[in-house]
Each structure stands twice: as structure tokens, then as C-alpha cells.
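1. Below are the sequence and a predicted model; questions follow.
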Amino acid sequence: MRPRIGYKKLAAVGVAAVVGVASTIALTSGSASAAPVFGYSGYAFGTDVQAGIVGSGPTVVSQFSCTTQPNSSDRNDLATANVNNKAIAQTVTTGTHSFNDARGNGVTSNATAADIRVGGLVHLVGAKTTTTSVYKNGQLSYSGNTTFAAVRIGGVNVPSLLKPSPNFKVAIPGLGYMVLNRVGGVKTSAGIYSYSQAVVLHATVKNRYIPEGIDVVVLKTRAEITKPATAMVIGDAYGSTVRVGNLVKSGKTAYQATCQGTEGKTIRNATGEVVVPKVAYVGAVFTTKNGYMGAEKSAVKFTSHIAGVKVGNLQIGAIESSASAWKTKDGKVGLNSTSSVASVKVGNKTYAVATGPNATLDIPGVAKLTFNQVVRQSRYVSVNALVIDVYSLDSKVVLGHSAAGVIG
């Protein structure tokens, strides 16, 4: 059982278990071979919150980001998934895996819950959602679906909703409304991704369970497959992660990843502030990604931006990072990373911000700070603008992560 609690926008792509310098991207094919490769990516989680509830977000997370291995998988389970300190989903399991078999090359992600409940307003039993993206015989396709064993609204059984049609909207007196079986798929020039969400709760009125104005997703999955390519652009970015001991207390904020680029468009993901009680405060975060795969050149760039951070007595100013990678058709590869931290203070004392890769600052009795923490490989670069190891709390806070690379 691996409970993981983070905070993200609704469109975020999930959380991974690793917290630290290493990116979650798996560079499983980095040879000079020109043989086409496929990119597999997927995630599933129990609950997610769009905005407004600090210290809450994706839970029961299964995820892998952009691997070329057709046998990748992850699985997770948790007895209870809470939102706003209220039990929303019970006996939750999630899983995602890639495949290369008679079905083609693809990814399947699924999530289940024995019981989903919002007080006496909504009660859903035996919920299951799944989505699959496939490349076969030169064609891209996807499927997604949600089913329930029982649906009760206000204590009334509604058997017509056991197999809801896609994106079915239901009014919930005393809460607002919910959307069942939210599914879809998006094709790009480089591949396809699909999604399926069992339930999206929209709190439009004041209630005791979910703050007004908040959207909560229960059982959300995504599956992504790229077309075969001679070079695939990869990377990810997030604002922060917080770990206390072996427990992930806050997952990747404003997380973004890619297995197929963005067709040259800049995509922005943002979250509000995040509070991890007694550990850290992270101000507003946004990340960007921009990438493309072309016949002459493939390139990708990720950036991460944080307004400011407080960790115990530490006060950190604005934090930024970026990572970029490119490859041309003649095999030339370029990598670059940058990071910056505006200021470091403890009380009224200001400390100089160290420069250069993997520079450190030890503040006795407070924390060890590592600036511009870089991992560089032949076709991949990852940077954390700042990593804080808090002595008294046995905590690690990773801030301003960006990574980029090419495969093929």
C-alpha cells in the first residue's frame, strides 16, 4: 500500500513515487540506432482536486512517463482516498501498463473503487474506469469506459446510470452536479492520448463535504502512445515535491510530461499555493512545455516557475528552471539546462545563493540546500533548481524541476 498525496490542477498528468534528483522518465532506448521506437506513457489515480484545497490532490497514483519498453507497468492501492479530510473513495486500486501484442502497440490504464460516497448525496458502488490507446497497422485508436454496480443519488437507486453514456451530466441537489464516464481522445501528428474519468464532482453550492467552487475527479486514467519515430522527444517538469521520511506528503505540483511533443505549441499548467502542514508552504507554481518531432529536427523544452517557498524557518524567493534537448536528422544532439533562486533567508539573515552545478549551502541546525542539481546523460538532462534537506523534520523538498531528452 503506497499512499501518495500531492496537489495539481485537474489537467495535470499525475505523480510518480520517486522524489529527488532523478527524473521519472525512463531512458530505456538511448542507442545511436535509427530503428523506429514507440513511446508509452500512462497514469491512473483515485482522486484529484482542481484547485483551492491545499494539502490535497492526486492520491493512489500509478504512473510511468515516456518509456520505450512495451512491458512497463505500475500499480497502487489504498484503503481510503480523502478529499478535504472527507472519505470520498474506499478500497481504491489503480494500474497502468504498456503492451506490444496482437492488439498492437499501446497503453492501458484503469482504476477501481468499491465505494464512492459524498455523504448522503451520492453513493456509487463498484466503480471501474479504463482507457486504452493503440497504434496498429499504421492506425491510431482509443477506447474508454466507466461502469458501476450501483448508483444512488439522495438515497434513490438509479439503475439507468450503471453504464452511463459518455460525459453524462447529473444534477446533485445540495452539491451541484457530477459528470459520469468522462472520456475522450486526442490525436496529434505524433500519436494519440486518451482519458477516462469515472466521476467528476462539481461543487457549485455550499456544502459540508467539498468547498464551493471546487471540482474533484474520482478515478481518472490516461493512456498515451506515439507513432514510430526515429527520434522521440521526452521530458517533464513540476514545481515541487515534499517527502517526510519515506512518505510522499506532496506530489509533483503543476506536473507536465510528454512522449510526443506539443506540435510546437507552448502548453502551460498552473496551481495555486500548496501547504504541507508543519513542513512547507509553496507559492503559486506554473510549468510550460513546448516540443515537436520533425523530419529535419526534433526538439523539446520544459520550464518550471515558483513564486516563493517557506520551509520551517527558511524563506526562499522566486525559483525557476528550464531544460531543453534537440536532435537533427544527421544525428547531432544538443542539451541545455538553467536554474535560478532569487534569495535565501532565515529570519533576518540573508545567505548568498550558490552558483554552479550541484553547489551546496549548509545552514547548521536548519537545513542543507543544494542548488542547480543536475543529472546529465548523452541525450538527456535533468535539473532541480533547489533541493532542501531539513534536518529536524527528516524532510526533503525538491523545487523547480525540469528535464528534457531525445530517444532514437
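-> Good, I have the coordinates.

2. Low-confidence regions, the stretch 51-200 of the chain specifically.
-> Screening the stretch 51-200 of the chain residue by residue with the criterion pLDDT under 70, one finds the ranges 51-58, 82-86.

3. does residue 394 really touch residue 245, like I thought?
-> Yes: with contact defined as CB atoms under 8 Å, residue 394 counts as touching residue 245 (5.2 Å). In short, each C-beta sits where N, CA and C put it, glycine included.

4. Just confirm residue 160 is within a helix.
-> Yes: Residue 160 forms part of a helix when assessed by DSSP: H, G, I helix; E, B strand; the rest coil.

5. mind checking the SS state of residue 278?
-> Secondary structure, three-state DSSP: residue 278 is coil.

6. contacting residues for it?
-> Residues counted as contacts of residue 278 (CB atoms under 8 Å, 6 or more residues apart in numbering) are residue 393.

7. Now do the same for it: its pLDDT.
-> Model confidence at residue 278, given as pLDDT, is 79.

8. Please apply the same query to the one 5 residues further on.
-> Predicted confidence (pLDDT) for residue 283: 90.

9. OK, contacts around residue 363?
-> Listed by CB under 8 Å, 6+ apart, the contact partners of residue 363 are 314, 346, 351, 369.

10. Tell me, how many residues neighbour the second one?
-> To tie it back to what came earlier, the one meant is residue 346. Neighbour count for residue 346, taken as other CB atoms under 10 Å: 15.

11. which one is it nearest to, not counting chain neighbours?
-> In space, not counting the residues next to it along the chain, residue 346 is nearest to residue 313; the distance is 5.0 Å by CB to CB, 6 or more residues apart in numbering.

12. And that neighbour, how far from residue 351?
-> Distance of residue 313 to residue 351, computed by CB to CB, to the nearest Å: 12 Å.

13. again, but for residue 44
-> According to CB to CB, residue 44 stands 42 Å off from residue 351.

14. Of those two, give the one with the bigger neighbour count.
-> Between residue 44 and residue 351, counting by other CB under 10 Å, residue 44 is the more crowded of the two (31 against 14).

15. Which other helices and strands does the strand or helix carrying that one contact?
-> For residue 44, the enclosing helix or strand under DSSP states H and E is strand 40-49. Helices and strands in packing contact with strand 40-49 are listed as strand 62-67, strand 73-83, strand 86-101, strand 104-118, strand 215-226; criterion 3 or more CB pairs under 8 Å, 6 or more residues apart in numbering; DSSP states H and E.

16. let's go with 10 Å and repeat that
-> Where contact means 3 or more CB pairs under 10 Å, 6 or more residues apart in numbering; DSSP states H and E, strand 40-49 is packed against strand 62-67, strand 73-83, strand 86-101, strand 104-118, strand 122-136, strand 191-203, strand 215-226, strand 256-258.

17. tell me the angle that strand makes with strand 73-83.
-> Compare the direction of strand 40-49 with that of strand 73-83 by axes from the mean of the first three to the mean of the last three CA atoms, to 10 degrees and you get 10 degrees.

18. What's the mean pLDDT across strand 40-49?
-> In this model, strand 40-49 has a mean pLDDT of 81.

19. Could you name the specific helix or strand carrying the nearest residue to residue 370 once chain neighbours are set aside?
-> What sits nearest to residue 370 in space, not counting adjacent residues and going by CB to CB, 6+ apart, is residue 387, at 4.4 Å. Under DSSP H and E, the secondary-structure element containing residue 387 is strand 380-390.

20. how about that strand: buried residues?
-> Neighbour-count burial for strand 380-390, counted by 16 or more other CB atoms under 10 Å, picks out 380-388, 390.

21. Tabulate those residues (CSV), appending distance to residue 259 and pLDDT.
-> Rendered in CSV, the data for these read as follows (distance: CB to CB, whole Å; pLDDT from 0 to 100):
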residue, distance to residue 259, pLDDT
380, 14, 95
381, 17, 97
382, 16, 97
383, 20, 98
384, 22, 98
385, 24, 97
386, 27, 97
387, 26, 96
388, 30, 95
390, 34, 90
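
22. Kindly reformat those residues as CSV containing distance to residue 225.
-> Listed next are the buried residues of strand 380-390 as CSV, based on distance: CB to CB, whole Å:
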residue, distance to residue 225
380, 21
381, 25
382, 24
383, 28
384, 29
385, 32
386, 35
387, 33
388, 37
390, 40
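
23. follow-up on the earlier one: note down every partner strand of the strand holding residue 387 and its orientation.
-> Under the criterion DSSP bridges, strand 380-390 sits next to strand 367-377 (antiparallel), strand 395-407 (antiparallel) in its sheet.

24. closest to residue 79 out of the ones you listed?
-> Using CB to CB as the measure, strand 395-407 is the one of the strands paired with strand 380-390 that comes nearest residue 79, at 24.8 Å.

25. now that closest one, how far from the chain's geometric center?
-> On the basis of CA atoms, centre = their mean, to the nearest Å, strand 395-407 is displaced by 12 Å from the centre of the chain it belongs to.

26. Please apply the same query to stretch 243-262.
-> With CA atoms, centre = their mean as the basis, the distance from the averaged C-alpha position of stretch 243-262 to the chain average is 5 Å.

27. mind checking the end-to-end distance for it?
-> Taking CA to CA, to the nearest Å, the span from the opening residue of stretch 243-262 to its closing residue is 31 Å.

28. Pull out the buried positions in it.
-> When burial is assessed from 16+ other CB under 10 Å, stretch 243-262 yields the following buried residues: 243-244, 248-262.

29. likewise stretch 262-276?
-> When neighbours are counted by 16+ other CB under 10 Å, the buried residues of stretch 262-276 are found to be 262, 269-276.

30. residues shared between the contacts of residue 313 and residue 351?
-> By CB atoms under 10 Å, 6 or more residues apart in numbering, residue 313 and residue 351 have these common neighbours: 345, 363, 366.

31. In strands, which of these fall?
-> The strands, defined by DSSP state E, take in 345, 363 from these.

32. Please tabulate the shared contacts of residue 313 and residue 351 in JSON lines, including the columns distance to residue 307.
-> Supplementary listing: the shared contacts of residue 313 and residue 351 in JSON lines, determined by distance: CB to CB, whole Å:
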{"residue": "345", "distance to residue 307": "15"}
{"residue": "363", "distance to residue 307": "22"}
{"residue": "366", "distance to residue 307": "22"}
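
33. between the shared contacts of residue 313 and residue 351, which is nearest residue 89?
-> The shortest distance between residue 89 and any of those, using CB to CB, involves residue 366 and amounts to 38.7 Å.
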